[in-house]
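A.B. asks: pasting the structure only:
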Ligand SMILES: Nc1ncnc2c1ncn2[C@@H]1O[C@H](COP(=O)(O)OP(=O)(O)OP(=O)(O)O)[C@@H](O)[C@H]1O
Ligand SMILES: [Mg+2]
């Protein structure tokens, strides 16, 4: 979820979020018009904000001053900022969710982002009541951060966008809670957490090649669905595509989460939507960062960044790398476009266990998605088709220990580790 989303067009009703006792800062997002090539600009000069994640608090709450539709537990329709929940969404009471997460216990904490903390909980299969841990429906409960800069509008966008979409590659929103000063979202629980954790968390087992390609395809299908427009309606631009927003099911099916920044695409013959620049540094398309012109091609660029991260196992921006490698996209371009050089940037943790043809095609695809000219980028429908062709190619660069999906992938990786240790 993006910092300062609230400011975009809810200026009149901006609220002062405050936890019981402490205020939290926002998280690492951009909201600026700075060039993507200038990662160090920011903070001081009012350009992008790159901030550290806040500590998680157990008790949540904020002052809802000025929020027009926060009237007790009643949802009051009000123009653009109203909650228009789809009938399938369940409306929870705060106490239900407090009990379901065992009072937001720290050991129920799944993670935290700019929006707030995410807790694991258990609710009635079909209702809203809390149930004993391990029974009923397992959910992820996201509690709105209580700091002053972001939240309510993204919370609404999440309900209004995600509530109406149903697709196997979009995380399912189960329901929400709006009660006094509380704002929470309840999602289906994704057993394997975020792609970010699998790719970058210290100690995580490396994902096998075919699992990476399965994830890329699932995420591409999710984006393709949004861009395709629902029943012929205008496309939706997701605007915050990145590894932490790609969540993984038990079998590594990728699902997109976090629609707080999603935007309806241009209408009629308009080529773009003009908006304040928001998103996450390292993923946002350069032309969008520079002009604020948003198109579905901005998402395609972000997809290219994630595909590149899947290939290289490297973060899109990392200042601990040598200077010329800080920005993964800029550094990788010449390798992606040259089949002979591609292997030099492939994730060393794959240990050669990847399809040569598949990696070359995926490298070329990432190269095109990352084109500086948005018109040269492929549409997500093309991306999906090309990724489908890459699945299950068997021409592995290193033929020992061909890896299979899911848990087998993990076992395969164990296999490689043991083989290395004992050889
Ligand atoms: N439905 C879910 N099931 C399981 N884990 C989840 C779920 N939703 C979120 N998480 C976990 O909580 C973490 C925080 O998610 P959140 O979306 O709040 O922040 P983020 O994506 O890391 O950052 P940002 O605020 O920029 O989106 C995720 O990285 C993931 O590990
Ligand atoms: Mg997220």
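C.D. replies: Noted; the coordinates are in hand. Keep in mind it's a predicted model, so treat the numbers as computed, not measured. Ligands and ions are numbered 1, 2, ... in the order given.

A.B. asks: what about residue 384, how many residues close to it?
C.D. replies: 21 (other C-beta atoms under 10 Å). (C-beta placed from N, C-alpha, C; glycine too.)

A.B. asks: mind checking how far it is from ligand 2?
C.D. replies: Noted for residue 384: a distance of 22 Å to ligand 2, by C-beta to the ion, to the nearest Å.

A.B. asks: Ok, residue 162 next?
C.D. replies: In this view, residue 162 and ligand 2 are 12 Å apart by C-beta to the ion.

A.B. asks: Tell me the spacing between that residue and residue 379.
C.D. replies: According to C-beta to C-beta, to the nearest Å, residue 162 and residue 379 sit 23 Å apart.

A.B. asks: higher neighbour count, the two?
C.D. replies: Between residue 162 and residue 379, counted using other C-beta under 10 Å, residue 162 has the larger neighbour count: 24 against 14.

A.B. asks: Quick check: phi and psi at the more buried one.
C.D. replies: Main-chain torsions, residue 162, degrees, to the nearest 10: phi -70, psi -30.

A.B. asks: doesn't residue 170 make contact with it?
C.D. replies: Yes - when contacts are counted by C-beta atoms under 8 Å, residue 162 is listed as touching residue 170 (6.8 Å).

A.B. asks: burial count for residue 312?
C.D. replies: Residues near residue 312, counting by other C-beta under 10 Å, number 23.

A.B. asks: my bad, residue 86
C.D. replies: When counting by other C-beta under 10 Å, one arrives at 13 neighbours for residue 86.

A.B. asks: could you show me where the strands are in the stretch 51-200 of the chain, in order?
C.D. replies: Counting by DSSP state E, counting those that start in this stretch, the stretch 51-200 of the chain has these strands, from start to end: 70-71, 74-75, 90-91, 109-112, 116-123, 137-144, 173-179, 182-188.

A.B. asks: Residue 197: which of the ones you listed is closest?
C.D. replies: Comparison of those against residue 197 by C-beta to C-beta identifies strand 109-112 as nearest, at 7.8 Å.

A.B. asks: Domain map for this structure?
C.D. replies: As assigned by automatic domain parsing, the chain contains the domains 17-188, 195-414.

A.B. asks: Least confident of those, on average?
C.D. replies: The minimum mean pLDDT among the domains of the chain belongs to domain 17-188 (a mean of 66).

A.B. asks: Name the nearest residue to whatever residue of the chain ends up closest to ligand 2, sequence neighbours excluded.
C.D. replies: Per C-beta to the ion, residue 258 is where the chain lies closest to ligand 2, at 3.9 Å. The spatial neighbour of residue 258 that comes closest, neighbours along the chain excluded (C-beta to C-beta, 6 or more residues apart in numbering), is residue 245 at 4.6 Å.

A.B. asks: wait, what's in contact with the one you found?
C.D. replies: Residue 245 sits next to 194, 256, 257, 258 when contact means C-beta atoms under 8 Å, 6 or more residues apart in numbering.

A.B. asks: Within reach of ligand 1, which of those are there?
C.D. replies: 194, 257, 258 (C-beta under 6 Å from any ligand atom).

A.B. asks: who are the neighbours in contact with the closest residue to residue 341 other than its chain neighbours?
C.D. replies: Once flanking residues are discounted, residue 341 sits nearest to residue 335: 4.6 Å by C-beta to C-beta, 6+ apart. Residues near residue 335 by C-beta under 8 Å, 6+ apart: 341, 342, 344, 345, 363.

A.B. asks: from those residues, which ones fall inside strands?
C.D. replies: If you go by DSSP state E, the contacts of residue 335 have nothing in strands.

A.B. asks: Just the buried ones among those, please.
C.D. replies: Neighbour counting with 16 or more other C-beta atoms under 10 Å marks 342, 345, 363 as buried within the contacts of residue 335.

A.B. asks: Excluding sequence neighbours, find me the nearest residue to the first one.
C.D. replies: With sequence-adjacent residues excluded and distances taken as C-beta to C-beta, 6+ apart, residue 342 is closest to residue 363, at 4.8 Å.

A.B. asks: Distance of that neighbour relative to residue 382?
C.D. replies: According to C-beta to C-beta, residue 363 and residue 382 sit 16 Å apart.

A.B. asks: same thing with residue 339?
C.D. replies: Counting by C-beta to C-beta, the gap from residue 339 to residue 382 is 20 Å.

A.B. asks: Could you show which parts of the stretch 51-200 of the chain are in contact with ligand 1?
C.D. replies: Counting by C-beta under 6 Å from any ligand atom, the residues of the stretch 51-200 of the chain close to ligand 1 are 110-115, 118, 140, 142, 171, 187, 189-190, 193-194, 196-197.

A.B. asks: tell me, how many neighbours does residue 249 end up with?
C.D. replies: 18.

A.B. asks: my bad, should have said residue 301
C.D. replies: Residue 301 has 24 neighbours, counted by other C-beta under 10 Å.

A.B. asks: what helix or strand does it sit in?
C.D. replies: Taking DSSP states H and E as the definition, residue 301 sits inside helix 296-312.

A.B. asks: buried sites along the host helix or strand of residue 357?
C.D. replies: Taking DSSP H and E as the definition, one finds residue 357 inside helix 356-369. Residues 356, 358, 359, 360, 361, 362, 363, 365, 366, 367, 368, 369 are the ones in helix 356-369 that count as buried (16+ other C-beta under 10 Å).

A.B. asks: Can you convert the residues you listed into a markdown table and add a column each for distance to ligand 1?
C.D. replies: Below are the buried residues of helix 356-369 laid out as a markdown table (distance: C-beta to the nearest ligand atom, whole Å):
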| residue | distance to ligand 1 |
| --- | --- |
| 356 | 32 |
| 358 | 27 |
| 359 | 27 |
| 360 | 31 |
| 361 | 29 |
| 362 | 24 |
| 363 | 26 |
| 365 | 24 |
| 366 | 22 |
| 367 | 26 |
| 368 | 26 |
| 369 | 21 |
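
A.B. asks: Please tabulate the residues you listed in TSV, including the columns distance to residue 288.
C.D. replies: Formatted as TSV, the buried residues of helix 356-369 follow (distance: C-beta to C-beta, whole Å):
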residue	distance to residue 288
356	34
358	30
359	28
360	28
361	26
362	24
363	24
365	20
366	18
367	19
368	17
369	14
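
A.B. asks: residues from the stretch 201-350 of the chain in reach of ligand 1?
C.D. replies: Within the stretch 201-350 of the chain, the positions adjacent to ligand 1 are 244, 245, 247, 257, 258, 280 by C-beta under 6 Å from any ligand atom.

A.B. asks: Distance to residue 306 added to those residues, as JSON lines?
C.D. replies: As requested, those are exported to JSON lines (distance: C-beta to C-beta, whole Å):
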{"residue": "244", "distance to residue 306": "10"}
{"residue": "245", "distance to residue 306": "9"}
{"residue": "247", "distance to residue 306": "13"}
{"residue": "257", "distance to residue 306": "14"}
{"residue": "258", "distance to residue 306": "14"}
{"residue": "280", "distance to residue 306": "11"}
